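Asker: Sequence first, predicted coordinates after that:
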Amino acid sequence: MCLSIGDAGAFTLQQAEARCRGKFTPVVRECVRRKVMQTGGNPAQYIPGCRSSIASKARDCVAKAMGAGAPDSEIDLRPPSGRGRVVMMLSGVDGAGPYKPYAEKVAKLGYYVVLIDGREIWTKDKRGGDRLAKAIAAAQNSANAKRGKVAVIGFSLGGGDALAYAERRPDKVATVIAYYPLTKFISKVTDMKTFVDKFQVPLLAFAGAKDTFQNCCLLATIQSMQATAKDLGKPMDLVVYPDAQHNFIKDASYRPADANDAWKRTTAALAQYLGDTPAH
């Protein structure tokens, strides 16, 4: 998913209210619709009653989002051997939790995986590069980490993080792997040539040809990136799945064949650039 920072997985009161508002607004609308169909009249007269009917559940939702129910911003996963080369994973806007199963698969191959909520990097203060650098340094200094550069895997919003920041850190990053990455921001901050010219790390990207989710990650944009990378001599491989939509590795958009192909290419890239042969 590619939404703004405060749309999901809230931690502050304002973010929690925004998250729960998105959950319960459709419920109120449906309540109003039913009452209009049953008794007629102006829909506005039913709004207070419909809101009141879900008030307690809405309060519980906010409390849960601010308390123990709030998602983890970081999940660390050790490999079976206890130590491994570092793989940083940056989630989409739905938070780290939904990507934990994928991270666990990577860890089982023999890597030390640090899964970070992509929203922790992508914030309005434009200090994401600094935060990612600190996260990488912390992971490399962990007792679970073997020496060497890291791989960065980003999904959607986290893919945008990886393109914007990890691609500029050849001193720390060996390769970037981006699944349906956020790209619509590029035209708002610079032109494609200037953006791609800063790439200094081999890039493997996956895109769904039918990905139109909020126009965040359109095929045409990443194809333009690929063409620009080729012109500039930047190492970038783009794999396009003709029938895939956004989030094709999980949830309702899951496509087993495409997800399995992307997994094989991902593990091959990790083995190539991290220098270790993963366990299978």
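Answerer: Ah, there it is. Residues are numbered from 1 along each chain as shown.
Asker: All the strands of this protein, residue numbers only.
Answerer: For the chain, the strands defined by DSSP state E cover 74-77, 86-90, 112-116, 150-155, 173-179, 203-208, 236-241.
Asker: now the fourth one and strand 86-90, what's the angle there?
Answerer: Between strand 150-155 and strand 86-90, the angle formed by their directions is 20 degrees, by axes from the mean of the first three to the mean of the last three C-alpha atoms, to 10 degrees.
Asker: Please list the residues outside strand 150-155 that contact it.
Answerer: Identification of contacts with strand 150-155 by C-beta atoms under 8 Å, 6 or more residues apart in numbering yields 85-92, 99, 106, 111, 118, 136, 139-140, 160-163, 166, 172-181, 249, 266, 269-270, 273-274. C-beta: built from backbone N, CA, C; applies to glycine.
Asker: circling back to that earlier point, among the strands of the chain, show the one with the smallest mean pLDDT.
Answerer: Among the strands of the chain, strand 74-77 carries the lowest mean pLDDT, at a mean of 92.
Asker: Show me what it is packed up against.
Answerer: Contacts defined by 3 or more C-beta pairs under 8 Å, 6 or more residues apart in numbering; DSSP states H and E place strand 74-77 against helix 100-108, strand 112-116.
Asker: Can you pull the phi and psi angles for the nearest residue to Ala137 once chain neighbours are set aside?
Answerer: Nearest residue to Ala137, sequence neighbours excluded (C-beta to C-beta, 6 or more residues apart in numbering): Lys172, at 7.8 Å. Main-chain dihedrals, Lys172, degrees, to the nearest 10: phi -120, psi -30.
Asker: go on, Cys216?
Answerer: The phi/psi pair for Cys216 (degrees, to the nearest 10) reads phi -80, psi -30.
Asker: Tell me, how many residues neighbour it?
Answerer: Counted with other C-beta atoms under 10 Å, the neighbours of Cys216 add up to 24.
Asker: Off-centre distance for the helix ranked longest in the chain?
Answerer: Longest helix in the chain by number of residues, with DSSP state H as the criterion: helix 13-39. In terms of C-alpha atoms, centre = their mean, to the nearest Å, the centre of helix 13-39 is found 27 Å from the chain centre.
Asker: Same check on stretch 129-147?
Answerer: Counting by C-alpha atoms, centre = their mean, stretch 129-147 comes out at 19 Å from the chain centroid.
Asker: list the buried ones in it?
Answerer: For stretch 129-147, a neighbour-count test (16 or more other C-beta atoms under 10 Å) marks Arg131, Leu132, Ala133, Ala135, Ile136, Ala139, Gln140, Asn144, Ala145, Lys146 as buried.
Asker: In JSON lines: the residues you listed, plus distance to Gly40.
Answerer: What follows is these, written out as JSON lines (distance: C-beta to C-beta, whole Å):
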{"residue": "Arg131", "distance to Gly40": "55"}
{"residue": "Leu132", "distance to Gly40": "56"}
{"residue": "Ala133", "distance to Gly40": "61"}
{"residue": "Ala135", "distance to Gly40": "57"}
{"residue": "Ile136", "distance to Gly40": "61"}
{"residue": "Ala139", "distance to Gly40": "61"}
{"residue": "Gln140", "distance to Gly40": "66"}
{"residue": "Asn144", "distance to Gly40": "65"}
{"residue": "Ala145", "distance to Gly40": "66"}
{"residue": "Lys146", "distance to Gly40": "70"}
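Asker: any chance of the residues you listed in CSV, plus pLDDT and distance to Ala259?
Answerer: Formatted as CSV, those follow (pLDDT from 0 to 100; distance: C-beta to C-beta, whole Å):
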residue, pLDDT, distance to Ala259
Arg131, 93, 29
Leu132, 95, 26
Ala133, 95, 30
Ala135, 94, 26
Ile136, 96, 27
Ala139, 94, 26
Gln140, 95, 29
Asn144, 95, 27
Ala145, 96, 28
Lys146, 96, 28
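Asker: how close does the residue nearest to Ala137 get to Gln200?
Answerer: As judged by C-beta to C-beta, to the nearest Å, Lys172 and Gln200 stand 11 Å apart.
Asker: Comparing these two, which residue is more hemmed in?
Answerer: In this view Lys172 and Gln200 are compared by other C-beta under 10 Å, and Lys172 has more residues nearby, 20 against 16.
Asker: Now for that one: which residues touch it?
Answerer: Shown in contact with Lys172 (C-beta under 8 Å, 6+ apart): Ala133, Ile136, Ala137, Gln140, Lys149, Val150.
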